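[1] quick check, what structure comes out for this input:
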Amino acid sequence: MSKDNPKIGAVFGVHEEKTLEQLRDVAVHAEKVALMADGHLGYVMPIGGVAAYKNHVSVVGVGFDIACGNCAIKTDLLAEKFERRELTRFADEIAAEISFGVGRKNRSDDAPVDHPLFEDPAWAGIPAHHRGNLREKARTQLGTVGSGNHYVDVLVDDDGFLWVGVHFGSRGFGHTVASGFLAIGAGEAWGARVPETEVLFDLDSPAGDAYYHLMELAGRYAYAGREWVARKTVSILGGNETDLVHNHHNFAWRETHDGEERIVVRKGATPAFPGQRGFVGGSMGDDSVILAGRTSDDPKVRALQEDSLYSTVHGAGRVMSRTQAAGKRNRKTGEVIRPGLVTPRMMAQWLEEKGVILRGGGLDESPHAYRRLPDVLAAQGATIEVHTTLRPLIVAMAGADEFDPYKD
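    Predicted coordinates:
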């Protein structure tokens, strides 16, 4: 805990001063904050940040991609049964069957368009003249992956079994809810564009109650979408599900800390109570893991876990912005305005050495733009334990030039 600010709990790893400044700003209104080792600068609240509030929720803390998270399914398939040409065929089928990119509709015949969540009472929290269009958008986008750093991976564990891992959130539905309540918090009408500023809603207020229930609905929406995509991919591989690990990392939960109920906002951070499992992905060319909060009688470990608000990393964490990695181009002409730090050859060589089959993906998602996952996991110390290491075989993402306003 910081000696200068008792509200600042665990800060894992090394961070830029601007990231730490954001954390200190969040601590002004929170009861307690923490920062994970994959943290970096975000909108108002740093990515990798965690904040606990008294009966309040931070809209910008949860973020625009409400309920973004990871889902991993273990299959009964052994990787040794498949030659590379078969894995290449799987990669092509995944790219063809799963919808990647901005504004895409789920084009599959078995898309979950009739899911019960579309009849949830929480929809009443959206202004009536916007409700129908948003519900229809949400219905058509359920089970789509989006772009940015969202993906579908096929991985292999140390025992040789294939896993499917996916990463995305609540798509346009969550983005619209977040934008709408940011506008309301600024005193504007739903749909107005306002700057990304701190908006804290009292959960006993009408707006706070409506937002929290819609956030929870976006969570169920994201869960349904990720599990549909993961299971669709398992069916493409021809396997059966033998295990499921699933978690949000952009969300707010009611939890008890220090004997008091708090609303805990995690923005790019994974819940990690003792024994609680999570799937944490690396970059497109690095291993991912199944981890869990450590169960320990050591008072130092337990104190550190409490100081982290029982949280851990959600990924490797960026070390380059998208523009730094990929450079800047004129969107109309394609002319290079400023070259990036990553070249196509650099990314291709990394993936070739790792044996990864890539579909889609851009230089802004190259492994060079990220920290190494083992390093950030090590920085979390004894608060977590790695159960399973997963090596990527197939990575499917949106195309390199796809712009997506709903990415996290």
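[2] what about the stretch 301-408 of the chain, any weak spots by pLDDT?
    401-408 (pLDDT under 70).
[3] just the strands in it please.
    With DSSP state E, counting those that start in this stretch as the criterion, the stretch 301-408 of the chain has strands at 311-313, 327-329, 336-339, 357-359, 384-396.
[4] pick the most buried one from those strands.
    Ranked by mean neighbour count under mean count of other C-beta atoms under 10 Å, those are led by strand 311-313, which reaches a mean of 30. Using the backbone N, CA and C atoms, a C-beta is placed for each residue, glycine as well.
[5] and that strand, what other elements does it pack with?
    Applying 3 or more C-beta pairs under 8 Å, 6 or more residues apart in numbering; DSSP states H and E, one finds that strand 311-313 contacts strand 32-40, strand 269-271, strand 277-280, helix 373-379.
[6] would you say Ala222 is within a helix?
    Yes. Under DSSP: H, G, I helix; E, B strand; the rest coil, Ala222 sits within a helix.
[7] before we move on, what SS does the closest residue in space to it that isn't next to it in sequence have?
    Here the nearest residue to Ala222 in space, its sequence neighbours aside, is Ala67; by C-beta to C-beta, 6 or more residues apart in numbering that works out to 3.7 Å. Classification of Ala67 by three-state DSSP places it in coil.
[8] tell me who's in contact with Ala67.
    Contacts for Ala67 (C-beta atoms under 8 Å, 6 or more residues apart in numbering) come out as Gly169, Ser170, Gly174, Met215, Ala218, Gly219, Tyr221, Ala222, Tyr223, His248, Asn250, Phe251.
[9] dump the residues you listed to a markdown table, plus secondary structure.
    Below are the contacts of Ala67 laid out as a markdown table (three-state DSSP):
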| residue | secondary structure |
| --- | --- |
| Gly169 | coil |
| Ser170 | coil |
| Gly174 | helix |
| Met215 | helix |
| Ala218 | helix |
| Gly219 | helix |
| Tyr221 | helix |
| Ala222 | helix |
| Tyr223 | helix |
| His248 | strand |
| Asn250 | strand |
| Phe251 | strand |
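[10] let's see if you can find the most crowded of these.
    Comparing the contacts of Ala67 by number of neighbours (other C-beta atoms under 10 Å), Ser170 comes first, having 35 neighbours.
[11] related to what we said a few turns ago, what's the closest of the strands of the stretch 301-408 of the chain to Arg107?
    strand 384-396 (15.4 Å; C-beta to C-beta).
[12] rewinding a little: dump the strands of the stretch 301-408 of the chain into JSON lines; add distance to Met320 as well.
    As requested, those are exported to JSON lines (distance: least, C-beta to C-beta, whole Å):
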{"stretch": "strand 311-313", "distance to Met320": "18"}
{"stretch": "strand 327-329", "distance to Met320": "11"}
{"stretch": "strand 336-339", "distance to Met320": "13"}
{"stretch": "strand 357-359", "distance to Met320": "19"}
{"stretch": "strand 384-396", "distance to Met320": "18"}
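[13] wait, Arg139 sits on Val113?
    Yes. Using C-beta atoms under 8 Å, Arg139 is in contact with Val113, at 5.2 Å.
[14] more crowded one of these two?
    More crowded of Arg139 and Val113, by other C-beta under 10 Å: Arg139, with 19 against 15.
[15] tell me which helix or strand that one sits in.
    Taking DSSP states H and E as the definition, Arg139 sits inside helix 128-141.
[16] ok, Arg266 next?
    Using DSSP H and E, Arg266 falls in strand 260-267.
[17] related to what we said a few turns ago, distance to Lys81 added to the helices and strands packed on strand 311-313, as TSV?
    TSV is the format used below for the helices and strands packed on strand 311-313 (distance: least, C-beta to C-beta, whole Å):
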stretch	distance to Lys81
strand 32-40	34
strand 269-271	32
strand 277-280	23
helix 373-379	27
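[18] which one of these lies closest to Val336?
    Of all the helices and strands packed on strand 311-313, strand 32-40 sits nearest to Val336, with 25.6 Å by C-beta to C-beta.
[19] who does the closest one pair up with?
    strand 8-11 (parallel), strand 47-53 (antiparallel) (DSSP bridges).
[20] out of the strands of the stretch 301-408 of the chain, which gets nearest to Gly238?
    Closest of those to Gly238 is strand 384-396, at 14.1 Å (criterion: C-beta to C-beta).
[21] counting contacts, what elements does the closest one pack onto?
    Applying 3+ C-beta pairs under 8 Å, 6+ apart, one finds that strand 384-396 makes contact with helix 84-97, strand 151-156, strand 161-168, strand 288-293, strand 357-359.
[22] at 6 Å instead, please
    Under the contact definition 3 or more C-beta pairs under 6 Å, 6 or more residues apart in numbering; DSSP states H and E, strand 384-396 sits against helix 84-97, strand 151-156, strand 288-293, strand 357-359.
[23] so of these, which one's packed in deepest?
    Of all the helices and strands packed on strand 384-396, strand 151-156 carries the top mean neighbour count, a mean of 26, counting by mean count of other C-beta under 10 Å.
[24] kindly provide the whole-number mean pLDDT of the helix holding Arg139.
    The average pLDDT for helix 128-141 rounds to 96.
[25] convert the C-alpha atoms of it to CSV, please.
    What follows is helix 128-141, C-alpha atoms only, in CSV (Å, rounded to 0.1, in the frame of the first residue of the first chain):
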residue,chain,number,x,y,z
ALA,A,128,-38.2,4.2,-25.4
HIS,A,129,-37.4,5.9,-28.8
HIS,A,130,-33.9,4.2,-28.8
ARG,A,131,-34.8,0.9,-27.3
GLY,A,132,-36.1,-1.0,-30.4
ASN,A,133,-33.1,-0.1,-32.6
LEU,A,134,-30.6,-1.0,-30.0
ARG,A,135,-32.2,-4.3,-29.2
GLU,A,136,-32.2,-5.2,-32.9
LYS,A,137,-28.6,-4.2,-33.2
ALA,A,138,-27.7,-6.3,-30.2
ARG,A,139,-29.7,-9.2,-31.5
THR,A,140,-27.9,-9.3,-34.9
GLN,A,141,-24.4,-8.8,-33.3
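[26] show me how far it is from its chain's centre.
    Relative to its chain's centre, helix 128-141 lies at 23 Å (C-alpha atoms, centre = their mean, to the nearest Å).
[27] cool, and stretch 182-189?
    How far stretch 182-189 lies from its chain's middle: 26 Å, per C-alpha atoms, centre = their mean.
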